[in-house]
Each structure stands twice: as structure tokens, then as C-alpha cells.
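In: Just the structure for this:
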Amino acid sequence: MQCVDRPSTITTDIVTSNNAERCPTLQQISNLKPTQVEINTARTEWGQIKGHVLNGETGDPTSGRHLFSSWQAAHRGEQGICQRKTNLCSFLRTTKVHKTVWGDRARSVDFPGRYSTDQVADICIGAIILHGRNKGSNPFSVSMQTASNGPTNGKPICITHRTGASCFPDGIHPTLNQLGTPCASTGDAVTTDIYNVTL
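Out: Sure thing, here's the model as predicted:
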């Protein structure tokens, strides 16, 4: 398969891509050979949780908001850290709980790429399909492919899906786990390619 900047014929039942940056994630989903039932289930689940993931919950500024822009809108002045290799960021909510967000800011020296809401949807739909094949664990974390010429330069990231609730990055560092396999964050103790950010 070639990734070209035209409507994608890969997994057209799941999503049609007009952006070549989405191709690698769509290829991973295609390789899963999802059934129509799995596709419909993933579409329905994403439809139910996407508002929470992208925009958060009314009346609770700490719930959801897994985009940099939506988290920033409710938390001006807060400090966090970002990972240059993944363009994922983390904000400390308690001594043990981190809020992780996809970077959707404009490109800069520190931030060479950005995630579109379509890319986030692709990644979460893939994670939902894989979670459906691993029903014994909820939440479920899995290694997902990202765009080869997008925010992470193709580095896999660990994504957590919680049924009926959310989909978000598990940590901010690239994962070494094989694509499509369970994974866990390497932890924010990693100091390479990290920089501080103030909202």
C-alpha cells in the first residue's frame, strides 16, 4: 500500500482519509482485518466518548480534555512537560495522577508536528477494536502506530481505552512494544527529549 494524499481506500468502512499523515494508523487498522461488527462497535464507542476525549465535560474542567488546546482553555498558567518525539504532554493532577494530552498546537521548534482530531479518532478507533479482542482487561492499553510524517515521525505510542469512558495516551514517551500488543507507559522519569511548558 502506498500512502498518498488522496482519499484512502484502506479501511474505507471505518474512515476515509484525505490526509496522507493518517495512512500508517489506517494501515495498522486494515491489517487487523476487522469485521463489520467490530467496525460498527468501534464507530459507536468513539461516537459516545469523543466529546469527553476532545472537549471534556461541562462543569468539570479536569475530566476528559485530552487535547492540548482543550486542556489549556481550562487550565491557564498550569505547568507541564512535553515529549518532542511524540508531541504528547503531561500535566500533574495529583502526586500520582497525570493528565496526558495529544499536542494539537501549531508547529514550532519544540513542537514539530500536531495531531488533528481525525488522527486522534483513527488511533482511538484502532485501540477500541483491539480492546474488543482483549475483553479481560478494562481499561486496556495497546501500542498504536502514528503518522510517518506527522507529529511523532512514526513512533508508536501507548494508548489506553476505557470502555464507555475515554481514550488517551498512556504516558508521553514512545513505546517499544510491538504494534497491536498490550503496553504500559515508560513513565515520566525519562528525561530525554522533554521540555517544560506553561499553559
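In: and the top strand by length along the chain, what does it pack onto?
Out: Counting by DSSP state E, the longest strand found in the chain is strand 166-174. Secondary-structure packing of strand 166-174 (3 or more CB pairs under 8 Å, 6 or more residues apart in numbering; DSSP states H and E): helix 36-55, strand 79-83, strand 88-92, strand 98-102, helix 117-132, strand 157-162. No exception for glycine: its C-beta is placed from N, CA and C like everyone else's.
In: between those, which gets nearest to Gln28?
Out: For Gln28, the closest of these is helix 117-132, at 5.9 Å, according to CB to CB.
In: contacts for the helix or strand following the closest one?
Out: Next in sequence after helix 117-132, counting helices and strands by DSSP states H and E, comes strand 140-144. Contact partners of strand 140-144, identified using CB atoms under 8 Å, 6 or more residues apart in numbering, comprise 25, 28, 123, 126-127, 130-131, 134, 156-162, 170, 175, 177-185.
In: quick one on the thing from earlier: looking at the helices and strands packed on strand 166-174, which is nearest to Asn196?
Out: strand 79-83 (5.8 Å).
In: ok, now which ones touch Arg162?
Out: With CB under 8 Å, 6+ apart, Arg162 has these contacts: 138-140.
In: Of the residues you listed, which is the nearest to His66?
Out: Pro139 (13.5 Å).
In: Model confidence score at that closest one, please.
Out: Pro139 carries a pLDDT value of 87.
In: Tally up the residues packed near it, please.
Out: 14 (other CB atoms under 10 Å).
In: That one touches Cys158, doesn't it?
Out: No: between Pro139 and Cys158 there is no contact, the gap being 11.5 Å when judged by CB atoms under 8 Å.
In: how close does the nearest residue to Leu88 once chain neighbours are set aside get to Ala184?
Out: Distances taken as CB to CB, 6 or more residues apart in numbering place Ile172 nearest to Leu88, at 3.9 Å, with adjacent residues excluded. From Ile172 over to Ala184 the distance is 13 Å, taken as CB to CB, to the nearest Å.
In: So what's the residue count around the residue nearest to Glu45 when sequence neighbours are not counted?
Out: Distance criterion CB to CB, 6+ apart; nearest residue to Glu45, sequence neighbours excluded, is Ile128 at 5.0 Å. Look at Ile128: counted by other CB under 10 Å, it has 23 neighbours.
In: And Glu78, by the same measure?
Out: 15.
In: dump the residue contacts of it.
Out: Per CB under 8 Å, 6+ apart, neighbours of Glu78: 91, 198-199.
In: mind redoing it with 6 Å?
Out: Listed by CB atoms under 6 Å, 6 or more residues apart in numbering, the contact set of Glu78 reads 91, 199.
In: Tell me the spacing between it and Val101.
Out: From Glu78 to Val101 the distance is 11 Å (CB to CB).
In: Can you pull the poorly scored residue ranges out of this structure?
Out: Counting by pLDDT under 70, the ranges of the chain that qualify are 1-21, 93-97, 106-113, 147-154, 185-192, 194-195.
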